[in-house]
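[1] return a 3D structure for these sequence lines:
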Amino acid sequence: MIIAFIAIVILTSATVGIPAIWLLQNQLDRQAWAQVEQGQRVMVALYASHYQEILNLATLIAQRPTLHELLARNDIDGLTDYLTTLQKSAGLDRIMICDPGNQLVVTTDPKISGSVCRDWKSGMYQYDRSIPQVCLTAHQHLESASGYIGNVLVCNSLDDSFENRLRDQTGMEHILWIGDILASTSLAGSRTDLEIIPTHTVPMKDDGSQRLFEIDGVPYYAAQTFLDENGLKAEVALDVTDIVATRTRMAGILIASIFGISLVGSTLGIFVARRISRPLVQLSESAASFSLGDLESSVKTDTRLREITQVAKTLENARIDLLATMTSLQSERDWSDHLLASIAEGIITLDEDGHITFFSHGAERVTGWSKLDVMGHPVDDIFQLAGVDKPFSSILPSVLENRQKIDVLLADSRVASLAITSAQLTSFGERGDVALVFRDISEEEAIHRLLGQFLANIAHEFRTPLSALEASIELLLDQAPGMSPTELHELYTSLHLGILGLHTLVDNLLESANIEARRFRVSLRNSDLGNIIAEATQTMQPLLAKYEQHLTIELPVDIPIVQADPRRMVQVLINLLSNASRYGPPNEEITLRVTVDTQHARVAVIDRGPGIHPEHRANLFQRFVFPHADESVSQAGAGLGLSVVKAIVTAHGGQVGVDDRPDGGSIFWFTLPVAKESA
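    Numbers count the residues shown, from 1 in each chain. As a prediction, this is how the structure comes out:
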């Protein structure tokens, strides 16, 4: 009887303890592997983000005017110094310039060989197994007015310091392998001293991307991701010392409790069997609730037996510890979710059938689609290419190879340009989930187009007067002694007009830069409006005379005193009169009319040009907008004059606008506050 009772006690204790031990071990392992897999996904995103960062730096370097100028002059020493400065400021390890024939022109690293121009265009990662060393590279075309002139190549070494930064961002250790060669790691100690001992104590994925290993007796759970097809792979490792210790301690406590209960049960015999049956049932129910995932309900027993109470306390402690571990892991998961939600770029994942399995908040902001509306749907149903009769999935192979820019239809039927990069979430060569990271670059594309047009216009505006000045000066140098006073006067007038045009252009550029940098200020004081008009018309008279345009000035009997900055108001009038002359026909009249009321003086410049279409007026006083009536009128100038006019008038507390002239042409007007002394 006693032996049977002992067997029953042992069996009952095992029934209670073994599920709890099994649950504890498996739950901790699952949570640990989930944390490793999450760290693996974050690691892939960080590698992609770092590549995007140096690609952006390559693009910025390729657009530097100083670089183009030094390259055009073939100033190797100047290029080397300039690239060294850029390298330090941008935090890059190497910068190289290659010519169109893939020949190395200049580099910040003298050890780089000439073949780098050809070899480093083949992929994101370049490495040498003999060193070993891995470099994350990006390149960008160099374009000038004459066309393609070479490439900019940049590089950041993926060394131990880089892995340490990844560790600081993810809280896990990181290792970079070239095949079976250790390239860099965040683990303590030198790479030659590290002895990684593989183990296999828990089930892992069949593809071998997960593994266990030990370093100096410290166990790690690790996951690997291939970065290219030549064996370069990144590994993230989680120190599970605390998890293993907790698992061992809890198992020991539970096993000790089982033996204690068995010992007490064997001594008490049949007498206590009935008394302990009820609390054992309660403990069994608590263990069953553990296995069902209920860790909120506390372990309760209705008994005075110390042994049963101790078992209940042990299970309660196990429940509390397990709940704390799960809460911590849930916090880590919530942190990762918040991190993904805070990323401005859109992130989606697709399964092997092309269905959407994850849709970030950034993706909702970029596309306008709700996560609930797209989850589980084929990507071709959500993303539709604009202007191309083929499905979105047809571009995925090219996206997996490099960064792509595509035009898609958004939820509101608006066409947007998206820059897309991707990452394969399984081992290379096998189908699996694909992560796509994209951002809306529509505004950037528009800015690039505006910037190109602006630079072309600026170059034209500088080159035309400079060419005229050069021709006039050469003519004076060669033939001045034999020229008549009339011919000399014409050359001097041409020189004056060229200098006036350059001066106006430079003033507009400086004012536009000050407005953009928010350094724009005006010095208001009581000023005679007649003097301001006189100075502006005197400055513009040579230009008007050149085109035989007549300026008529209509002033009131009492010319008002206004609150104004005279220098800036002269600039406003010069810009408006220049536009009236430029867009008005020769041999026509331009009128400058001033009217006054009790509070404001209204100044209007009336031309006989082609006028302004109504659809162009909304943005007429913005930068890079030209006051033309149709496409047949040349878009001369830098597109800054009217924006500067509006900024100056607004700073004076006035208003600016444009009306149609009844007989054809435009009336550009602005108002200024009349000084109190003259009101």
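[2] OK, contacts around L92?
    L92 makes contacts with I54, L57, L86, V154, C155, N156, as judged by C-beta atoms under 8 Å, 6 or more residues apart in numbering. Every residue, glycine included, has its C-beta placed from N, CA and C.
[3] is it possible to get TSV of those that adds neighbour count and secondary structure?
    Formatted as TSV, the contacts of L92 follow (neighbours: other C-beta atoms under 10 Å; DSSP: H, G, I helix; E, B strand; the rest coil):
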residue	neighbour count	secondary structure
I54	20	helix
L57	22	helix
L86	20	helix
V154	29	strand
C155	25	strand
N156	21	strand
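[4] tell me which of those residues is nearest to K546?
    Using C-beta to C-beta, L86 is the member of those that lies nearest K546, at 45.2 Å.
[5] ok, that closest one - contacts?
    Counting by C-beta under 8 Å, 6+ apart, L86 makes contact with I61, R64, L92, I95.
[6] and the two most separated of the residues you listed?
    The most distant members of the contacts of L86, if one measures by C-beta to C-beta, are R64 and L92, lying 13.6 Å apart.
[7] show me the shaky parts of the stretch 451-600 of the chain.
    Along the stretch 451-600 of the chain, the parts satisfying pLDDT under 70 run over 451-472, 474-475, 479, 487, 490-491, 493-494, 496-498, 500-520.
[8] now the strands for it?
    Under the criterion DSSP state E, counting those that start in this stretch, the stretch 451-600 of the chain carries strands at the ranges 525-528, 550-554, 561-564, 589-596, 600-606.
[9] what angle sits between the second one and strand 600-606?
    Taking axes from the mean of the first three to the mean of the last three C-alpha atoms, to 10 degrees, one finds that strand 550-554 is oriented at 160 degrees with respect to strand 600-606.
[10] parallel or antiparallel, list what pairs with strand 550-554.
    Strand pairing for strand 550-554, using DSSP bridges, gives strand 589-596 (parallel).
[11] now do the strand it pairs with: distance to the chain's middle.
    Offset of strand 589-596 from its chain centre (C-alpha atoms, centre = their mean, to the nearest Å): 50 Å.
[12] contacts for that strand, please.
    Counting by C-beta under 8 Å, 6+ apart, 529, 533, 537, 544, 549-556, 558-560, 573, 577, 580-581, 584, 601-608, 674 sit against strand 589-596.
[13] name the nearest residue to Q282, sequence neighbours excluded.
    Leaving aside its chain neighbours, Q282 sits nearest to T301 (5.2 Å; criterion: C-beta to C-beta, 6 or more residues apart in numbering).
[14] and the one you found, that's in a helix?
    No: applying DSSP: H, G, I helix; E, B strand; the rest coil, one finds T301 to be coil, outside a helix.
[15] go ahead and confirm it touches I308.
    Yes: T301 is within contact range of I308, at 5.8 Å (criterion: C-beta atoms under 8 Å).
[16] now C135: phi and psi?
    phi -130, psi 130 (degrees, to the nearest 10).
[17] same question, L524
    According to degrees, to the nearest 10, L524 has phi -80, psi 140.
[18] neighbour count for T301 and I308, which is higher?
    Between T301 and I308, counting by other C-beta atoms under 10 Å, I308 is the more crowded of the two (25 against 21).
[19] what's downstream of the helix or strand containing that one, the next helix or strand?
    If you go by DSSP states H and E, I308 is part of helix 306-342. Downstream of helix 306-342, the next assigned helix or strand under DSSP H and E is strand 346-350.
[20] and the next element down the chain from that following strand?
    Following strand 346-350 in sequence, per DSSP H and E, is strand 356-359.
[21] so what are the sheet partners of the helix or strand encompassing L182 and their directions?
    Assigned by DSSP H and E, L182 belongs to strand 181-185. Using DSSP bridges, the strands paired with strand 181-185 are strand 173-178 (antiparallel).
[22] got the contact list for the residue nearest to Q282?
    The contact partners of T301, by C-beta under 8 Å, 6+ apart, come to P279, Q282, L283, I308, T309, A312.
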